[in-house]
Every structure is written in structure tokens, then in C-alpha cells.
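K.L.:
sequence plus the predicted model coming up.
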Amino acid sequence: MTDAVETRADPSLRTVVVASAAGTAFEWYDFFVFGSLATVIARHFFADAGETVAYILALLTFGLGFIVRPLGALVFGWFGDRTGRKTTFLVTITLMGVATVAIGLLPDYGQIGLAAPILLLIMRVLQGFALGGEYGGAAIYVAEHSPPKKRGLLTGWIQTTAAFGLIGALSVILITRQIVGVEAFDEWGWRIPFLLSALLLGVSLWIRLKLNESPAYQRMEAEGGERRAPYKEAFFQWGNGRFVLIALFGIMIAQGAVWYCGYFYTRFFMERVLKIDVNTVDQMVLMVTVASAALYVFFGWLSDRVGRKPVMLFGMILALVAFFPGFHALTKAANPALAEAQVSAPVTVVADPATCALQFDPIGKAAFSSSCDIAKSVLSNAGVSYGNAEAEPGSVAMVRVGGIELASVEGAGMDVVALKAARTGVETRIKAALVEAGYPAKADPARINMPLVFGILMIFMVAATALYGPQAAALVELFPTRVRYTAMSLPYNIGTGWVGGLLPAASFALVAWSGNIYFGLWYSVVFTAIAAVVALIWLPETKGRDLDAI
């Protein structure tokens, strides 16, 4: 009788994987809804900023949720190692869900003014804080239930939840936009995907409440778990601390750079630079996400055969090789008219360098009133790549479009109304010259080579999934049970939170600063290159390790 009761009380391995993955997918859904709606959110919550600055502020708000994730990792990691895996990730999923629903209920800037973006920032902080503790708990819970020879395969399902979350977010956005119409969606329908989180939260909690504590944690408790000091043991004992550093610099900074470039920067690039209709962008990202979802599990399975390290290194190297030529090819495939115009009529800003400021203003207060700043802000808003040439000190900036030369306007000293009128005049003349030179205002749907675009995006996805698929197993296997939650959660959330979460805003700022639409890729390339070197030299192979023997 006792055996029968224990058998019924212990969830099956399938239930463990499904419950852990479902909750994590829900949390990724919450995060990706915000990222996918950054353009709409910018208009509602940062109405007083200019178009470029509002978009950067929305991206920074998106990134803020990632910035606080290491704090969540420290707090929930400590609780996870001291009080158990199950209780901790029940708390994280509840906090995440409540914050997401609240975003759907927030009044916008037009209703309550500055309080709107402040409340939005608070909700993003709560989301990031919760997600900082979620991933580590789910990955560890599955790994500690898994047979060593299937650990990569089974934790691969946790990795694929990011794809499931993005699929869910994009699907809900596309369906809602189709039902209510584009104008209504931009006005109020954008709230619906956030409000649907209430239903998803209920389902996720119901599934997770069926779980018990992990076997490894139970064994540790039976052996005297009260003596644990997670922070001290994880970060201030070199035996564990060095693996925290290796996990961060040999795996996680690359994961943040590669994954978020493949999924989010490509989206920004197609929508803002290549001027592809937002519905088309959503559909393309959705297609490649669906097509790549199984690759996480495949690469996790492959790492059970050949090792975690070679599979992850393959993903890093593929990204390094593919990013620059891939994005150039993406321009030619998705907006060939833009690619042709860049060759036949290159754009150059001829200005005194002393009058040119960095086209990045995170608080939305910079005037950008010099003739150089006005010219560059117009070109950045238009998504046009341009070069820079030095002019005589004190001269008014010129914009050269092919053989056409246009003078900008010196706005220093003008009042707000006059500066706005001057900027509008420059913008009108530059846009007219761009049209005359063959620069398209929008990508022509008839000329988009959809199969080629899909193929290019899939190369990026292969790199991201090869790196991410074995990652959960590799991180879990690096650390002992006593500090596993704390030790792996911190580097994971620094890599994804700081490197990955800030990637869209940082890359966009690099493009605006340089004038080169491909310059933002250096952000991803540098981080990935560093990680590849560190992994090659210092990352140990962990495939099949006994988690209780570490």
C-alpha cells in the first residue's frame, strides 16, 4: 500500500518536464509580448520624445527588465538553494504574471502624464526580477530528475520554451491585430496580449502545484542541508567561483549576444531599417521560430552524444561567420531597392565633426540642433545608411545623396517652434532627394524574396539553438547541488539580462552614431568572440556528470 501511494504521489518524468516547460514558456511569453510591441508602447508611454528617442526609450524599458534579472537570480537563487526548487518557482511565476497583467491595465501618457512611464518601468522591474529566478529553477528541476544520458535531451525542452513563448506572443499579437484592425490595435488592442496572461498564469500554477521537490534536493536535505551558505560557497570559494566566471564569459555573454540578435535585432532591422510591413515581419519571425523550435531539443540530444562544449562552440562560430554577410544578404533579399540605391547613390554627411553629437538621448532632452545633428537625425529616422566626411570648421553641414547636395540648417539658438520648422524643412528636402535617388519609403512586398529571407533567418536560428540547446545541462553540471540554483542563475541572468536585454537599444544606438546600418552587429560579434575564446580554453566538458557527486 505504501509503495502504491508513493508511486501516485511522485509525478512522472513527463509531468516534470511539461510542468517546468509550461511555466517557463508562459514567462517568456510575457517578456516577448513587450519586446514585440515596443513600437506601439513607445507611442503610448513616451509621447513627448521624438520618434527615434521614443523607440530607444521603449527598448531601454524592455532592457530594464533584463537589467534587474541578476538581482532576481541572487534573491530567488538563495531561496531555491535554502528552501527548495518548487516553492521558489511558484513564487516567480506568480509575480511575473501579475506584473504582466498590470501592464495591460496601465493608463498611458496622455491620461496620467509622467506617471505612466514610471509605472511601466516598475512593472518591467517586477517582470525581470521574477524571470531572474524562474529559468534556474526550471532547468535545475528537470536536470535533477533526468537520467545522466538524457539530461541534454530533457533540459532541451526547457530551452525550447523561449521559442514557444515567442510563438505564443507573436500568434496572439497577429490574431488580435487581425480581429480588431490595425488602428484599433494600436489604440487599445495592444493591451489584450498582456491581459491574456491572467488565463495563462492560472493554467501554469495549476500544473506546477502537482509537482514535488526534486530528488537531488531531497537527498541533500536528508544529509544536513541546514549548513548551506549559497552566496559564500558559490561566489567566494574559488572551486565554485571560477566556474561562475567561466559560465558567464565562456557561455552566457555569447548566448545573450547570439540569441537576441537572431530573434530581436533581426526584427528591428527588418521593421525599422528595411521598412518591411510590421505584419510581414511578425509572420516571418513566427515562421522561423516555429521551424527552429525542435532544434533546441535536437542540439540538447546531440550534446548527450558528442558533448556540450563542441555543440555550443559550433553555435558561436556559426554566428561569428554568418552575422555580417547574413545581414547584407537580408537587405538584398528583403528590400532590393534599398540595396541598389545604397550602391548607386551612397549618402554622405559632410560636416564639421565638432558640431556632430552622438545620436542617442536616453532621457529625451537633447535638442540636437546643430546642422550636423539635424541632418543625421533625419537620416537615422529614415533608416538610411550614410558615410561621414569632414568639412571646414564652423561650416553648415551638407547631405550628399549620389550627385545631389543639400544644405542642412543651423538650428542653434532657435526657439522650439522655429527649430521644429527648420528640421521639417530639411527632412522634406532630404526625403525628396532620397526618393529621386531610388531609396524606397517602404519595402515592396512583390520584391521580397521570402524563401531567401527565411533561409537567412534560419542560419541565425541554427546558431542560436546550437548554443542554447545544451546550455541548461551544461550550467547545471558545472555546480554542486548545495549552490546550484544560486551559482548558475547569476551568470545566466547577467548574460541574457545585461548583454542580451540591452542588445536592441545598444545596437540601435551604434547604428545612429555611426550612420552604418550594419554597425550595430559589432555588439553581438565582440561578445560572441570573447566567449568562444574563453570556452575553447577554459570550459570543461560536463556531459553525463553525476550531479550528486560534484
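P.N.:
Perfect, thanks for sending it. Numbers count the residues shown, from 1 in each chain.
K.L.:
determine the three-state secondary structure at Val384.
P.N.:
Of the three states, Val384 takes coil under DSSP: H, G, I helix; E, B strand; the rest coil.
K.L.:
tally of neighbours for it?
P.N.:
Neighbour count of Val384, defined by other Cβ atoms under 10 Å: 21. C-beta coordinates here come from the backbone N, C-alpha and C atoms, glycine included.
K.L.:
does it touch Val347 like I think?
P.N.:
Yes - between Val384 and Val347 there is a contact at 5.6 Å, judged by Cβ atoms under 8 Å.
K.L.:
joint contacts of those two?
P.N.:
Taking Cβ atoms under 8 Å, 6 or more residues apart in numbering as the criterion, Val384 and Val347 both touch Leu434.
K.L.:
where does the protein have its least confident helix or strand?
P.N.:
helix 2-9 (a mean of 38; mean pLDDT, DSSP states H and E).
K.L.:
would you tell me what the next helix or strand after that one is?
P.N.:
Per DSSP states H and E, helix 2-9 leads on to helix 13-36 as the next helix or strand towards the C-terminus.
K.L.:
just the buried positions in that next one, please.
P.N.:
16-17, 19-36 (16 or more other Cβ atoms under 10 Å).
K.L.:
where in the stretch 201-350 of the chain is pLDDT low?
P.N.:
211, 213-230, 234 (pLDDT under 70).
K.L.:
now the helices for it?
P.N.:
Assigned by DSSP state H, counting those that start in this stretch, the helices in the stretch 201-350 of the chain fall at 215-222, 230-235, 238-247, 253-260, 266-268, 278-306, 308-334, 336-344.
K.L.:
kindly reformat those as TSV containing mean neighbour count and distance to Ile41.
P.N.:
Output for the helices of the stretch 201-350 of the chain, formatted as TSV (neighbours: other Cβ atoms under 10 Å; distance: least, Cβ to Cβ, whole Å):
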stretch	mean neighbour count	distance to Ile41
helix 215-222	16	39
helix 230-235	18	36
helix 238-247	17	33
helix 253-260	28	18
helix 266-268	23	14
helix 278-306	20	13
helix 308-334	20	24
helix 336-344	16	27
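K.L.:
as JSON lines, those helices with distance to Cys356 would be great.
P.N.:
Putting these into JSON lines (distance: least, Cβ to Cβ, whole Å) gives the following:
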{"stretch": "helix 215-222", "distance to Cys356": "57"}
{"stretch": "helix 230-235", "distance to Cys356": "43"}
{"stretch": "helix 238-247", "distance to Cys356": "39"}
{"stretch": "helix 253-260", "distance to Cys356": "28"}
{"stretch": "helix 266-268", "distance to Cys356": "24"}
{"stretch": "helix 278-306", "distance to Cys356": "31"}
{"stretch": "helix 308-334", "distance to Cys356": "25"}
{"stretch": "helix 336-344", "distance to Cys356": "21"}
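K.L.:
do you know which of the ones you listed lies nearest Ala139?
P.N.:
helix 278-306 (11.1 Å; Cβ to Cβ).
K.L.:
got the angle for that closest one vs helix 13-36?
P.N.:
140 degrees (axes from the mean of the first three to the mean of the last three Cα atoms, to 10 degrees).
K.L.:
quick one: pLDDT of the closest residue to Gly515 other than its chain neighbours?
P.N.:
Distances taken as Cβ to Cβ, 6 or more residues apart in numbering put Tyr386 closest to Gly515, at 4.2 Å, once the chain neighbours are dropped. We have a pLDDT of 91 for Tyr386.
K.L.:
distance of Tyr386 relative to Ala357?
P.N.:
15 Å (Cβ to Cβ, to the nearest Å).
K.L.:
please apply the same query to Tyr518.
P.N.:
Tyr518 is 22 Å from Ala357, by Cβ to Cβ.
K.L.:
also Leu120?
P.N.:
Applying Cβ to Cβ, the value for Leu120 to Ala357 is 27 Å.
K.L.:
before we move on, what about Thr155?
P.N.:
With distances taken as Cβ to Cβ, Thr155 is found 47 Å from Ala357.
K.L.:
please apply the same query to Leu209.
P.N.:
Per Cβ to Cβ, Leu209 is found 55 Å from Ala357.
K.L.:
between those two, which one's more packed in?
P.N.:
Between Leu209 and Ala357, counted using other Cβ under 10 Å, the more crowded position is Ala357 (16 against 10).
K.L.:
so where's the longest helix in this structure?
P.N.:
Taking DSSP state H as the criterion, the chain has its longest helix at helix 115-145.
K.L.:
what distance separates it from the centre of its chain?
P.N.:
Distance of helix 115-145 from the chain centroid (Cα atoms, centre = their mean, to the nearest Å) equals 14 Å.
K.L.:
what's the following helix or strand after it?
P.N.:
The first helix or strand that comes after helix 115-145 along the chain, using DSSP H and E, is helix 151-159.
K.L.:
quick one: list the elements packing against that next one.
P.N.:
helix 13-36, helix 115-145, helix 278-306, helix 471-478 (3 or more Cβ pairs under 8 Å, 6 or more residues apart in numbering; DSSP states H and E).
K.L.:
what is the mean pLDDT for it?
P.N.:
Mean predicted lDDT for helix 151-159 stands at 90.
K.L.:
and after that helix, which helix or strand comes next?
P.N.:
Using DSSP H and E, the helix or strand that follows helix 151-159 towards the C-terminus is helix 161-180.
K.L.:
which residues touch the closest residue to Ala437 other than its chain neighbours?
P.N.:
Residue nearest to Ala437 in three dimensions, not counting chain neighbours: Ala345, with 3.6 Å by Cβ to Cβ, 6+ apart. Residues near Ala345 by Cβ under 8 Å, 6+ apart: 401-403, 437-439.
K.L.:
can you flag which of these belong to strands?
P.N.:
The strands, defined by DSSP state E, take in Val401 from the contacts of Ala345.
K.L.:
please spell out the PyMOL selection for the buried subset of the contacts of Ala345.
P.N.:
In PyMOL, the members of the contacts of Ala345 classed as buried (16+ other Cβ under 10 Å) are selected with the following command:
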select buried, resi 401+402+437+438+439
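K.L.:
the contacts of Ala345: which two are farthest apart?
P.N.:
Spatially, the most separated pair among the contacts of Ala345 is Gly403 and Tyr439, at 14.1 Å (Cβ to Cβ).
K.L.:
pretty sure Ala73 contacts Tyr492?
P.N.:
Yes - counting by Cβ under 8 Å, Tyr492 is a contact partner of Ala73 at 6.9 Å.
K.L.:
list residues touching both of these two?
P.N.:
What both Ala73 and Tyr492 touch, as defined by Cβ under 8 Å, 6+ apart, is the set Gly136.
K.L.:
to Thr61, which of the helices of the stretch 201-350 of the chain lies closest?
P.N.:
When the helices of the stretch 201-350 of the chain are ranked by proximity to Thr61 (Cβ to Cβ), helix 266-268 comes first, at 14.6 Å.
K.L.:
about what we covered before: of the helices of the stretch 201-350 of the chain, give the one that comes closest to Leu166.
P.N.:
Here helix 278-306 is closest among the helices of the stretch 201-350 of the chain (Cβ to Cβ), at 5.1 Å.
K.L.:
which helices and strands sit right next to the closest one?
P.N.:
So helix 278-306, by 3+ Cβ pairs under 8 Å, 6+ apart, packs with helix 151-159, helix 161-180, helix 266-268, helix 308-334, helix 450-468, helix 471-478.
K.L.:
JSON lines please, covering these and showing distance to Leu286.
P.N.:
What follows is those, written out as JSON lines (distance: least, Cβ to Cβ, whole Å):
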{"stretch": "helix 151-159", "distance to Leu286": "19"}
{"stretch": "helix 161-180", "distance to Leu286": "4"}
{"stretch": "helix 266-268", "distance to Leu286": "11"}
{"stretch": "helix 308-334", "distance to Leu286": "16"}
{"stretch": "helix 450-468", "distance to Leu286": "11"}
{"stretch": "helix 471-478", "distance to Leu286": "23"}
